[in-house]
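**Student:** the amino acid sequence is not available; the structure is as follows:
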(Lines give C-alpha, C1' and ligand atoms only; values in the text may rest on other atoms or scores of the structure.)
Protein backbone atom coordinates (compact mmCIF):
# COMPACT_ATOMS: atom_id res chain seq x y z
CA UNK A 1 0.00 0.00 0.00
CA UNK A 2 1.06 3.57 -0.66
CA UNK A 3 1.77 5.91 2.22
CA UNK A 4 -1.28 8.12 2.78
CA UNK A 5 -0.36 11.71 3.49
CA UNK A 6 -3.22 14.08 4.32
CA UNK A 7 -1.03 17.01 3.31
CA UNK A 8 -0.30 16.45 -0.38
CA UNK A 9 -2.01 18.73 -2.87
CA UNK A 10 -1.97 18.97 -6.67
CA UNK A 11 -1.93 22.58 -7.90
CA UNK A 12 -2.83 23.54 -11.47
CA UNK A 13 -0.12 26.01 -12.42
CA UNK A 14 -0.36 28.01 -15.65
CA UNK A 15 2.33 30.58 -15.05
CA UNK A 16 -0.28 33.32 -14.68
CA UNK A 17 -1.10 35.54 -11.76
CA UNK A 18 -4.06 33.54 -10.42
CA UNK A 19 -2.51 30.08 -10.32
CA UNK A 20 0.67 31.46 -8.70
CA UNK A 21 -1.57 32.88 -5.96
CA UNK A 22 -3.43 29.56 -5.61
CA UNK A 23 -0.06 27.81 -5.17
CA UNK A 24 0.92 30.36 -2.50
CA UNK A 25 -2.37 29.61 -0.70
CA UNK A 26 -1.75 25.82 -0.76
CA UNK A 27 1.79 26.38 0.48
CA UNK A 28 0.66 28.63 3.34
CA UNK A 29 -1.92 26.00 4.37
CA UNK A 30 0.96 23.56 4.87
CA UNK A 31 0.44 21.27 1.87
CA UNK A 32 3.26 19.44 0.13
CA UNK A 33 2.71 20.91 -3.32
CA UNK A 34 2.74 19.02 -6.64
CA UNK A 35 2.42 21.50 -9.50
CA UNK A 36 0.87 20.46 -12.82
CA UNK A 37 1.19 22.46 -16.04
CA UNK A 38 0.13 21.74 -19.61
CA UNK A 39 1.67 22.40 -22.98
CA UNK A 40 -1.52 22.43 -25.03
CA UNK A 41 -0.72 24.40 -28.13
CA UNK A 42 -1.20 27.76 -26.44
CA UNK A 43 0.29 30.62 -28.43
CA UNK A 44 2.30 31.97 -25.55
CA UNK A 45 5.13 29.65 -24.49
CA UNK A 46 6.24 32.37 -22.05
CA UNK A 47 3.49 31.05 -19.74
CA UNK A 48 5.23 27.68 -19.35
CA UNK A 49 8.56 29.29 -18.57
CA UNK A 50 6.80 31.40 -15.96
CA UNK A 51 5.15 28.27 -14.47
CA UNK A 52 8.59 26.68 -14.11
CA UNK A 53 9.96 29.77 -12.35
CA UNK A 54 6.97 30.05 -10.01
CA UNK A 55 7.21 26.33 -9.15
CA UNK A 56 10.91 26.76 -8.29
CA UNK A 57 10.20 29.96 -6.34
CA UNK A 58 7.76 28.05 -4.09
CA UNK A 59 9.96 24.92 -3.85
CA UNK A 60 7.26 22.48 -4.93
CA UNK A 61 7.96 18.77 -4.38
CA UNK A 62 7.50 18.09 -8.08
CA UNK A 63 6.46 20.03 -11.18
CA UNK A 64 5.17 18.12 -14.18
CA UNK A 65 4.27 19.53 -17.57
CA UNK A 66 2.03 17.33 -19.70
CA UNK A 67 1.71 17.69 -23.44
CA UNK A 68 -1.91 17.79 -24.61
CA UNK A 69 -3.38 17.69 -28.10
CA UNK A 70 -5.93 20.37 -27.19
CA UNK A 71 -5.14 22.46 -30.25
CA UNK A 72 -5.89 19.42 -32.45
CA UNK A 73 -9.58 19.85 -31.62
CA UNK A 74 -9.56 23.54 -32.55
CA UNK A 75 -12.19 26.09 -31.60
CA UNK A 76 -10.25 28.75 -29.66
CA UNK A 77 -8.21 31.82 -30.49
CA UNK A 78 -5.69 30.63 -27.88
CA UNK A 79 -4.84 27.42 -29.75
CA UNK A 80 -6.08 28.03 -33.29
CA UNK A 81 -3.96 30.53 -35.19
CA UNK A 82 -6.76 31.09 -37.73
CA UNK A 83 -8.80 32.89 -35.03
CA UNK A 84 -7.61 36.36 -34.03
CA UNK A 85 -7.10 37.25 -30.34
CA UNK A 86 -9.39 40.24 -29.69
CA UNK A 87 -7.85 43.46 -28.39
CA UNK A 88 -11.09 45.07 -27.24
CA UNK A 89 -13.85 43.82 -24.90
CA UNK A 90 -16.38 41.37 -26.41
CA UNK A 91 -19.92 40.30 -25.42
CA UNK A 92 -20.70 36.81 -24.03
CA UNK A 93 -18.24 33.92 -24.02
CA UNK A 94 -15.07 35.15 -25.79
CA UNK A 95 -13.21 33.40 -28.63
CA UNK A 96 -10.23 32.91 -26.29
CA UNK A 97 -12.32 30.28 -24.44
CA UNK A 98 -10.67 26.86 -24.96
CA UNK A 99 -13.42 24.19 -25.04
CA UNK A 100 -13.46 22.07 -21.89
CA UNK A 101 -10.04 23.34 -20.79
CA UNK A 102 -10.63 23.46 -17.05
CA UNK A 103 -12.50 20.14 -17.17
CA UNK A 104 -9.57 18.51 -18.93
CA UNK A 105 -6.99 20.14 -16.62
CA UNK A 106 -8.93 19.13 -13.49
CA UNK A 107 -9.32 15.58 -14.85
CA UNK A 108 -5.54 15.23 -15.15
CA UNK A 109 -5.08 16.80 -11.70
CA UNK A 110 -7.54 14.21 -10.39
CA UNK A 111 -5.58 11.41 -12.08
CA UNK A 112 -2.29 12.60 -10.56
CA UNK A 113 -3.92 13.09 -7.15
CA UNK A 114 -5.11 9.50 -7.33
CA UNK A 115 -1.62 8.21 -8.15
CA UNK A 116 -0.10 10.36 -5.35
CA UNK A 117 -2.88 9.38 -2.95
CA UNK A 118 -3.64 13.09 -2.49
CA UNK A 119 -7.17 14.32 -1.75
CA UNK A 120 -6.68 18.02 -2.46
CA UNK A 121 -6.56 19.94 -5.73
CA UNK A 122 -6.05 23.71 -6.01
CA UNK A 123 -7.18 25.71 -9.02
CA UNK A 124 -6.98 29.48 -9.39
CA UNK A 125 -10.36 30.02 -11.02
CA UNK A 126 -12.14 33.22 -10.33
CA UNK A 127 -15.79 34.07 -10.82
CA UNK A 128 -15.49 37.85 -10.53
CA UNK A 129 -12.99 39.00 -13.16
CA UNK A 130 -13.43 35.71 -14.99
CA UNK A 131 -13.55 36.69 -18.67
CA UNK A 132 -16.93 34.97 -19.13
CA UNK A 133 -15.65 31.36 -19.37
CA UNK A 134 -18.39 28.92 -18.27
CA UNK A 135 -15.88 26.60 -16.58
CA UNK A 136 -14.78 29.21 -14.04
CA UNK A 137 -18.11 29.31 -12.19
CA UNK A 138 -18.63 27.96 -8.64
CA UNK A 139 -21.45 25.67 -9.83
CA UNK A 140 -19.08 24.04 -12.31
CA UNK A 141 -16.43 23.42 -9.64
CA UNK A 142 -19.01 21.93 -7.29
CA UNK A 143 -20.29 19.63 -10.05
CA UNK A 144 -16.72 18.59 -10.91
CA UNK A 145 -16.03 17.74 -7.27
CA UNK A 146 -19.17 15.59 -7.08
CA UNK A 147 -18.19 13.81 -10.28
CA UNK A 148 -14.60 13.31 -9.00
CA UNK A 149 -15.88 11.61 -5.90
CA UNK A 150 -17.71 9.07 -8.03
CA UNK A 151 -14.92 8.68 -10.61
CA UNK A 152 -11.99 7.80 -8.41
CA UNK A 153 -10.74 4.87 -6.44
CA UNK A 154 -10.39 7.18 -3.40
CA UNK A 155 -13.97 8.41 -3.82
CA UNK A 156 -15.22 4.83 -4.24
CA UNK A 157 -13.43 3.94 -1.01
CA UNK A 158 -15.04 6.87 0.84
CA UNK A 159 -12.18 9.42 0.82
CA UNK A 160 -13.52 12.70 -0.46
CA UNK A 161 -11.62 14.69 -3.07
CA UNK A 162 -11.68 18.44 -2.42
CA UNK A 163 -11.26 21.04 -5.17
CA UNK A 164 -9.93 24.21 -3.50
CA UNK A 165 -10.71 27.52 -5.19
CA UNK A 166 -9.18 30.10 -2.85
CA UNK A 167 -9.66 32.94 -5.37
CA UNK A 168 -13.17 32.23 -6.57
CA UNK A 169 -14.87 35.17 -4.81
CA UNK A 170 -12.02 37.66 -5.02
CA UNK A 171 -11.58 40.61 -7.35
CA UNK A 172 -8.30 40.76 -9.28
CA UNK A 173 -7.14 43.51 -6.90
CA UNK A 174 -7.94 41.31 -3.87
CA UNK A 175 -6.06 38.38 -5.45
CA UNK A 176 -2.99 40.56 -5.94
CA UNK A 177 -3.14 41.82 -2.33
CA UNK A 178 -3.55 38.23 -1.07
CA UNK A 179 -0.65 37.00 -3.16
CA UNK A 180 1.71 39.80 -2.15
CA UNK A 181 0.78 39.02 1.47
CA UNK A 182 1.76 35.38 0.86
CA UNK A 183 5.04 36.32 -0.81
CA UNK A 184 4.21 35.87 -4.52
CA UNK A 185 6.67 37.60 -6.86
CA UNK A 186 4.28 38.65 -9.64
CA UNK A 187 7.25 39.69 -11.75
CA UNK A 188 7.70 35.96 -12.45
CA UNK A 189 4.15 35.48 -13.75
CA UNK A 190 2.81 36.01 -17.28
CA UNK A 191 -0.91 36.64 -17.91
CA UNK A 192 -0.78 37.83 -21.51
CA UNK A 193 -2.38 35.75 -24.29
CA UNK A 194 0.20 37.12 -26.73
CA UNK A 195 3.41 37.54 -24.72
CA UNK A 196 6.61 37.68 -26.75
CA UNK A 197 9.58 35.33 -26.34
CA UNK A 198 11.03 37.47 -23.56
CA UNK A 199 7.73 37.07 -21.66
CA UNK A 200 6.74 40.71 -22.27
CA UNK A 201 3.00 41.31 -22.26
CA UNK A 202 1.01 42.98 -25.05
CA UNK A 203 -0.96 45.16 -22.62
CA UNK A 204 -4.05 44.94 -24.85
CA UNK A 205 -5.68 41.48 -24.65
CA UNK A 206 -8.50 40.62 -22.21
CA UNK A 207 -6.07 39.04 -19.80
CA UNK A 208 -3.66 42.00 -19.84
CA UNK A 209 -6.51 44.44 -19.33
CA UNK A 210 -7.79 42.52 -16.28
CA UNK A 211 -4.28 42.38 -14.85
CA UNK A 212 -3.56 46.08 -15.39
CA UNK A 213 -6.92 47.03 -13.84
CA UNK A 214 -6.22 44.69 -10.90
CA UNK A 215 -2.83 46.22 -10.10
CA UNK A 216 -4.33 49.66 -10.53
CA UNK A 217 -7.12 48.98 -8.04
CA UNK A 218 -4.87 47.11 -5.58
CA UNK A 219 -2.58 50.09 -5.12
CA UNK A 220 0.38 47.74 -5.69
CA UNK A 221 3.00 48.56 -8.29
CA UNK A 222 2.66 46.37 -11.42
CA UNK A 223 5.99 44.52 -11.96
CA UNK A 224 4.90 43.30 -15.42
CA UNK A 225 7.19 43.89 -18.36
CA UNK A 226 5.20 45.25 -21.33
CA UNK A 227 6.02 45.38 -25.06
CA UNK A 228 6.23 48.95 -26.32
CA UNK B 1 -21.98 30.98 -36.72
CA UNK B 2 -21.48 27.26 -37.11
CA UNK B 3 -24.22 25.13 -38.61
CA UNK B 4 -26.13 23.42 -35.80
CA UNK B 5 -26.91 19.80 -36.57
CA UNK B 6 -28.97 17.90 -34.01
CA UNK B 7 -27.62 14.64 -35.40
CA UNK B 8 -23.87 14.80 -34.78
CA UNK B 9 -22.46 12.55 -32.08
CA UNK B 10 -18.96 12.00 -30.70
CA UNK B 11 -18.23 8.32 -29.98
CA UNK B 12 -15.38 7.19 -27.75
CA UNK B 13 -13.82 4.33 -29.70
CA UNK B 14 -11.16 2.12 -28.12
CA UNK B 15 -11.06 -0.70 -30.61
CA UNK B 16 -12.67 -3.04 -28.10
CA UNK B 17 -15.95 -4.91 -28.26
CA UNK B 18 -18.00 -2.46 -26.16
CA UNK B 19 -17.12 0.78 -27.93
CA UNK B 20 -17.64 -0.84 -31.35
CA UNK B 21 -21.15 -1.75 -30.19
CA UNK B 22 -21.73 1.79 -28.87
CA UNK B 23 -20.72 3.14 -32.30
CA UNK B 24 -23.15 0.73 -33.97
CA UNK B 25 -25.91 2.01 -31.66
CA UNK B 26 -25.16 5.67 -32.51
CA UNK B 27 -25.12 4.80 -36.21
CA UNK B 28 -28.44 2.94 -36.03
CA UNK B 29 -30.00 5.93 -34.24
CA UNK B 30 -29.12 8.05 -37.28
CA UNK B 31 -26.27 10.14 -35.89
CA UNK B 32 -23.43 11.46 -38.01
CA UNK B 33 -20.60 9.79 -36.11
CA UNK B 34 -17.29 11.39 -35.06
CA UNK B 35 -15.06 8.74 -33.50
CA UNK B 36 -12.42 9.68 -30.93
CA UNK B 37 -9.57 7.40 -29.87
CA UNK B 38 -6.56 7.95 -27.62
CA UNK B 39 -2.97 6.83 -27.74
CA UNK B 40 -2.21 7.02 -24.03
CA UNK B 41 0.71 4.72 -23.45
CA UNK B 42 -1.44 1.60 -23.36
CA UNK B 43 0.57 -1.57 -23.76
CA UNK B 44 -1.51 -2.91 -26.58
CA UNK B 45 -1.20 -0.88 -29.77
CA UNK B 46 -3.38 -3.50 -31.48
CA UNK B 47 -6.35 -1.68 -29.91
CA UNK B 48 -5.68 1.48 -31.95
CA UNK B 49 -5.40 -0.46 -35.19
CA UNK B 50 -8.71 -2.12 -34.35
CA UNK B 51 -10.29 1.31 -33.63
CA UNK B 52 -9.21 2.48 -37.09
CA UNK B 53 -10.71 -0.60 -38.74
CA UNK B 54 -13.99 -0.31 -36.81
CA UNK B 55 -14.25 3.42 -37.67
CA UNK B 56 -13.76 2.61 -41.37
CA UNK B 57 -16.22 -0.30 -41.18
CA UNK B 58 -18.94 2.06 -39.92
CA UNK B 59 -18.00 4.92 -42.30
CA UNK B 60 -17.67 7.57 -39.59
CA UNK B 61 -17.49 11.20 -40.75
CA UNK B 62 -14.14 11.61 -39.00
CA UNK B 63 -11.87 9.56 -36.74
CA UNK B 64 -9.33 11.37 -34.60
CA UNK B 65 -6.69 9.80 -32.39
CA UNK B 66 -5.26 12.08 -29.72
CA UNK B 67 -1.96 11.44 -28.01
CA UNK B 68 -2.19 11.68 -24.21
CA UNK B 69 0.54 11.67 -21.57
CA UNK B 70 -1.56 9.41 -19.32
CA UNK B 71 1.31 6.99 -18.76
CA UNK B 72 3.45 9.91 -17.50
CA UNK B 73 1.30 10.01 -14.36
CA UNK B 74 1.73 6.26 -13.74
CA UNK B 75 -0.40 4.15 -11.43
CA UNK B 76 -1.83 1.46 -13.72
CA UNK B 77 -0.71 -1.90 -15.04
CA UNK B 78 -2.07 -0.82 -18.43
CA UNK B 79 0.33 2.11 -18.79
CA UNK B 80 3.10 1.38 -16.27
CA UNK B 81 5.34 -1.49 -17.34
CA UNK B 82 6.61 -1.92 -13.74
CA UNK B 83 3.16 -3.24 -12.71
CA UNK B 84 2.25 -6.73 -13.90
CA UNK B 85 -1.08 -7.37 -15.67
CA UNK B 86 -2.88 -10.01 -13.54
CA UNK B 87 -3.90 -13.28 -15.20
CA UNK B 88 -6.34 -14.39 -12.48
CA UNK B 89 -9.35 -12.61 -10.90
CA UNK B 90 -8.57 -10.01 -8.22
CA UNK B 91 -10.64 -8.46 -5.40
CA UNK B 92 -11.79 -4.80 -5.46
CA UNK B 93 -10.55 -2.24 -7.99
CA UNK B 94 -7.92 -3.99 -10.15
CA UNK B 95 -4.42 -2.71 -10.97
CA UNK B 96 -5.45 -2.40 -14.63
CA UNK B 97 -7.59 0.59 -13.60
CA UNK B 98 -6.11 3.73 -15.21
CA UNK B 99 -6.69 6.70 -12.86
CA UNK B 100 -9.36 9.06 -14.18
CA UNK B 101 -9.31 7.49 -17.63
CA UNK B 102 -13.00 7.75 -18.49
CA UNK B 103 -13.16 11.24 -16.97
CA UNK B 104 -10.28 12.36 -19.17
CA UNK B 105 -11.69 10.63 -22.27
CA UNK B 106 -15.16 12.12 -21.73
CA UNK B 107 -13.61 15.57 -21.15
CA UNK B 108 -11.94 15.42 -24.57
CA UNK B 109 -15.15 14.11 -26.14
CA UNK B 110 -16.93 17.08 -24.55
CA UNK B 111 -14.33 19.46 -25.98
CA UNK B 112 -14.68 18.03 -29.48
CA UNK B 113 -18.50 18.01 -29.19
CA UNK B 114 -18.32 21.69 -28.31
CA UNK B 115 -16.16 22.48 -31.36
CA UNK B 116 -18.46 20.40 -33.62
CA UNK B 117 -21.57 21.89 -32.02
CA UNK B 118 -22.71 18.36 -31.18
CA UNK B 119 -24.80 17.63 -28.09
CA UNK B 120 -24.42 13.85 -27.97
CA UNK B 121 -21.58 11.66 -26.72
CA UNK B 122 -21.60 7.85 -26.79
CA UNK B 123 -19.46 5.76 -24.44
CA UNK B 124 -19.52 1.98 -24.20
CA UNK B 125 -19.28 1.72 -20.42
CA UNK B 126 -20.96 -1.18 -18.77
CA UNK B 127 -21.93 -1.61 -15.13
CA UNK B 128 -22.52 -5.38 -15.23
CA UNK B 129 -19.33 -7.04 -16.46
CA UNK B 130 -17.40 -3.89 -15.65
CA UNK B 131 -14.17 -5.12 -14.08
CA UNK B 132 -14.75 -3.05 -10.93
CA UNK B 133 -13.62 0.33 -12.33
CA UNK B 134 -15.32 3.18 -10.39
CA UNK B 135 -15.70 5.32 -13.54
CA UNK B 136 -17.98 2.81 -15.27
CA UNK B 137 -20.90 3.25 -12.87
CA UNK B 138 -24.20 4.95 -13.82
CA UNK B 139 -23.83 7.46 -10.95
CA UNK B 140 -20.49 8.58 -12.36
CA UNK B 141 -21.94 9.07 -15.85
CA UNK B 142 -24.85 11.07 -14.46
CA UNK B 143 -22.48 13.27 -12.43
CA UNK B 144 -20.28 13.80 -15.51
CA UNK B 145 -23.29 14.85 -17.57
CA UNK B 146 -24.35 17.37 -14.91
CA UNK B 147 -20.82 18.77 -14.79
CA UNK B 148 -20.65 18.92 -18.61
CA UNK B 149 -23.78 21.01 -18.72
CA UNK B 150 -22.14 23.58 -16.44
CA UNK B 151 -18.72 23.41 -18.11
CA UNK B 152 -19.59 24.11 -21.71
CA UNK B 153 -20.61 27.01 -23.83
CA UNK B 154 -23.58 24.93 -25.10
CA UNK B 155 -24.61 24.12 -21.53
CA UNK B 156 -24.26 27.78 -20.51
CA UNK B 157 -26.49 28.70 -23.43
CA UNK B 158 -29.13 26.15 -22.38
CA UNK B 159 -28.41 23.29 -24.81
CA UNK B 160 -28.09 20.10 -22.83
CA UNK B 161 -25.23 17.68 -23.44
CA UNK B 162 -26.31 14.05 -23.33
CA UNK B 163 -23.93 11.19 -22.48
CA UNK B 164 -25.38 8.04 -24.07
CA UNK B 165 -24.49 4.71 -22.44
CA UNK B 166 -26.43 2.17 -24.53
CA UNK B 167 -24.61 -0.79 -22.92
CA UNK B 168 -24.68 0.23 -19.28
CA UNK B 169 -27.26 -2.32 -18.13
CA UNK B 170 -26.35 -5.15 -20.48
CA UNK B 171 -24.41 -8.31 -19.79
CA UNK B 172 -21.46 -9.02 -22.10
CA UNK B 173 -23.58 -11.68 -23.84
CA UNK B 174 -26.39 -9.15 -24.39
CA UNK B 175 -23.90 -6.61 -25.77
CA UNK B 176 -22.61 -9.18 -28.26
CA UNK B 177 -26.14 -10.10 -29.36
CA UNK B 178 -27.04 -6.40 -29.73
CA UNK B 179 -23.88 -5.70 -31.73
CA UNK B 180 -24.34 -8.66 -34.08
CA UNK B 181 -27.92 -7.50 -34.62
CA UNK B 182 -26.56 -4.06 -35.60
CA UNK B 183 -23.95 -5.51 -37.91
CA UNK B 184 -20.76 -5.29 -35.83
CA UNK B 185 -17.92 -7.48 -37.09
CA UNK B 186 -16.32 -8.46 -33.76
CA UNK B 187 -13.45 -10.02 -35.64
CA UNK B 188 -12.18 -6.44 -36.11
CA UNK B 189 -12.20 -5.64 -32.38
CA UNK B 190 -9.47 -6.31 -29.80
CA UNK B 191 -10.32 -6.53 -26.08
CA UNK B 192 -7.08 -8.02 -24.75
CA UNK B 193 -4.82 -6.00 -22.41
CA UNK B 194 -1.80 -7.86 -23.77
CA UNK B 195 -2.55 -8.49 -27.46
CA UNK B 196 0.46 -9.17 -29.67
CA UNK B 197 1.44 -7.16 -32.76
CA UNK B 198 -0.88 -9.22 -34.94
CA UNK B 199 -3.77 -8.30 -32.64
CA UNK B 200 -3.99 -11.84 -31.21
CA UNK B 201 -5.44 -11.97 -27.69
CA UNK B 202 -3.77 -13.61 -24.66
CA UNK B 203 -6.99 -15.33 -23.57
CA UNK B 204 -6.03 -14.94 -19.91
CA UNK B 205 -6.36 -11.30 -18.76
CA UNK B 206 -9.55 -9.91 -17.11
CA UNK B 207 -10.70 -8.45 -20.39
CA UNK B 208 -10.15 -11.66 -22.37
CA UNK B 209 -11.94 -13.69 -19.71
CA UNK B 210 -15.00 -11.40 -19.82
CA UNK B 211 -15.04 -11.56 -23.62
CA UNK B 212 -14.72 -15.35 -23.78
CA UNK B 213 -17.48 -15.77 -21.18
CA UNK B 214 -19.67 -13.29 -23.10
CA UNK B 215 -19.39 -15.14 -26.41
CA UNK B 216 -19.92 -18.41 -24.59
CA UNK B 217 -23.16 -17.18 -22.99
CA UNK B 218 -24.40 -15.41 -26.14
CA UNK B 219 -24.36 -18.58 -28.19
CA UNK B 220 -22.50 -16.65 -30.91
CA UNK B 221 -19.22 -18.00 -32.30
CA UNK B 222 -16.19 -16.06 -31.00
CA UNK B 223 -14.28 -14.66 -34.02
CA UNK B 224 -11.31 -13.61 -31.82
CA UNK B 225 -7.84 -14.71 -32.80
CA UNK B 226 -5.98 -16.06 -29.74
CA UNK B 227 -2.25 -16.59 -29.11
CA UNK B 228 -1.46 -20.26 -28.54
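**Tutor:** Perfect, thanks for sending it. Just so we're clear, the structure is a prediction, and the values are computed from it rather than from any experiment.
**Student:** C-alpha only now, for contacts and for neighbours.
**Tutor:** Fine.
**Student:** give me every residue that touches the nearest residue to residue A:102 once chain neighbours are set aside.
**Tutor:** Spatially, and ignoring its direct neighbours in sequence, residue A:102 is nearest to residue A:135 (6.1 Å; Cα to Cα, 6 or more residues apart in numbering or on different chains). When contacts are counted by Cα atoms under 8 Å, 6 or more residues apart in numbering or on different chains, residue A:135 touches A:100-103, A:141, B:150-152.
**Student:** in helices, which of the residues you listed fall?
**Tutor:** Residues from the contacts of residue A:135 lying in helices, with DSSP state H as the criterion: A:101-103, A:141, B:150-151.
**Student:** now the residue nearest the centre of chain A, nearest residue through space, not along the chain?
**Tutor:** Central residue of chain A (Cα atoms, centre = their mean): residue A:19, 4.0 Å from the mean position. The shortest distance from residue A:19 to any non-neighbouring residue, by Cα to Cα, 6+ apart, is to residue A:124 (4.6 Å).
**Student:** distance of that neighbour from residue A:141?
**Tutor:** 11 Å (Cα to Cα, to the nearest Å).
**Student:** residue A:30 too?
**Tutor:** 23 Å.
**Student:** counting neighbours, go ahead and name the busier of these two.
**Tutor:** Taking neighbours as other Cα atoms under 10 Å in any protein chain shown, residue A:30 and residue A:141 compare with residue A:141 leading, 25 against 11.
**Student:** so that one touches residue A:161, yeah?
**Tutor:** No. Look at residue A:141 against residue A:161 with Cα atoms under 8 Å: they stay out of range, at 11.9 Å.
**Student:** which parts of the strand or helix carrying residue A:207 are buried?
**Tutor:** Assigned by DSSP states H and E, residue A:207 belongs to helix A:206-218. Burial within helix A:206-218, assessed by neighbour count using 16 or more other Cα atoms under 10 Å in any protein chain shown, is assigned to A:206-212, A:214-215, A:218.
**Student:** out of everything not next to it in sequence, what's closest to residue A:8?
**Tutor:** That would be residue A:32: by Cα to Cα, 6+ apart, it lies 4.7 Å from residue A:8.
**Student:** what number of residues lie near the one you found?
**Tutor:** 19.
**Student:** packing partners for the host helix or strand of residue A:112?
**Tutor:** Assessed by DSSP H and E, residue A:112 sits inside helix A:101-116. Applying 3 or more Cα pairs under 8 Å, 6 or more residues apart in numbering or on different chains; DSSP states H and E, we find helix A:101-116 packed against strand A:8-12, strand A:120-122, helix B:70-73, helix B:101-116.
**Student:** mind naming the longest strand for chain A?
**Tutor:** strand A:32-39 (DSSP state E).
**Student:** chain center to that strand, what's the gap?
**Tutor:** From the chain centre to the centre of strand A:32-39 is a distance of 10 Å (Cα atoms, centre = their mean, to the nearest Å).
**Student:** and what of stretch A:185-205?
**Tutor:** Counting by Cα atoms, centre = their mean, stretch A:185-205 comes out at 15 Å from the chain centroid.
**Student:** flag every buried residue along it.
**Tutor:** Taking 16+ other Cα under 10 Å as the criterion, stretch A:185-205 shows A:186, A:188-196, A:199-205 as buried.
**Student:** average pLDDT across stretch A:208-224?
**Tutor:** Here stretch A:208-224 scores 93 as its mean pLDDT.
**Student:** same question for stretch A:158-172.
**Tutor:** The model assigns stretch A:158-172 a mean pLDDT of 91.
**Student:** and that stretch, what's buried?
**Tutor:** Applying 16+ other Cα under 10 Å to stretch A:158-172 flags A:160-172 as buried.
**Student:** end to end, how far does that stretch reach?
**Tutor:** Span of stretch A:158-172 from end to end, Cα to Cα: 36 Å.
**Student:** at the contact with chain B, which residues of chain A appear?
**Tutor:** With the criterion set to Cα under 8 Å from any Cα of the partner chain, chain A comes near chain B through A:66-69, A:72-75, A:93, A:99-101, A:103-104, A:107-108, A:110-112, A:114-115, A:133-135, A:139-140, A:143-144, A:146-147, A:150-153, A:156.
**Student:** just the buried ones from those?
**Tutor:** Neighbour-count burial (16+ other Cα under 10 Å) applied to the residues of chain A next to chain B gives A:66-69, A:72-75, A:99-101, A:103-104, A:107-108, A:110-112, A:114-115, A:133-135, A:140, A:143-144, A:146-147, A:150-153, A:156.
**Student:** how much space between residue A:194 and residue A:186?
**Tutor:** When residue A:194 is compared with residue A:186 (using Cα to Cα), they lie 18 Å apart.
**Student:** likewise for residue A:57?
**Tutor:** Counting by Cα to Cα - residue A:57 and residue A:186 are separated by 11 Å.
**Student:** turn the contacts of residue A:135 into CSV, columns for distance to residue B:11 and pLDDT.
**Tutor:** Shown next, in CSV, are the contacts of residue A:135 (distance: Cα to Cα, whole Å; pLDDT from 0 to 100):
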residue, distance to residue B:11, pLDDT
A:100, 17, 83
A:101, 19, 85
A:102, 21, 90
A:103, 18, 93
A:141, 25, 94
B:150, 21, 90
B:151, 19, 86
B:152, 18, 79
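**Student:** can I get those in TSV including distance to residue A:13?
**Tutor:** Below are those laid out as TSV (distance: Cα to Cα, whole Å):
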residue	distance to residue A:13
A:100	17
A:101	13
A:102	12
A:103	14
A:141	17
B:150	23
B:151	20
B:152	22
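**Student:** identify, from those residues, the entry nearest to residue A:26.
**Tutor:** residue A:141 (17.3 Å; Cα to Cα).
**Student:** for that closest one, which non-adjacent residue is closest in space?
**Tutor:** residue A:163 (7.2 Å).
**Student:** specify the local secondary structure of that neighbour.
**Tutor:** strand (DSSP: H, G, I helix; E, B strand; the rest coil).
**Student:** quick one, what contacts residue A:100?
**Tutor:** Counting by Cα under 8 Å, 6+ apart, residue A:100 touches A:135, B:107-108, B:110-111, B:151-152.
**Student:** at 7 Å instead, please
**Tutor:** Contact analysis of residue A:100 by Cα atoms under 7 Å, 6 or more residues apart in numbering or on different chains lists B:107, B:110-111, B:151-152.
**Student:** would you confirm that the residue nearest to residue A:141 contacts residue A:145?
**Tutor:** Yes. If you go by Cα atoms under 7 Å, residue A:163 and residue A:145 touch, sitting 6.2 Å apart.
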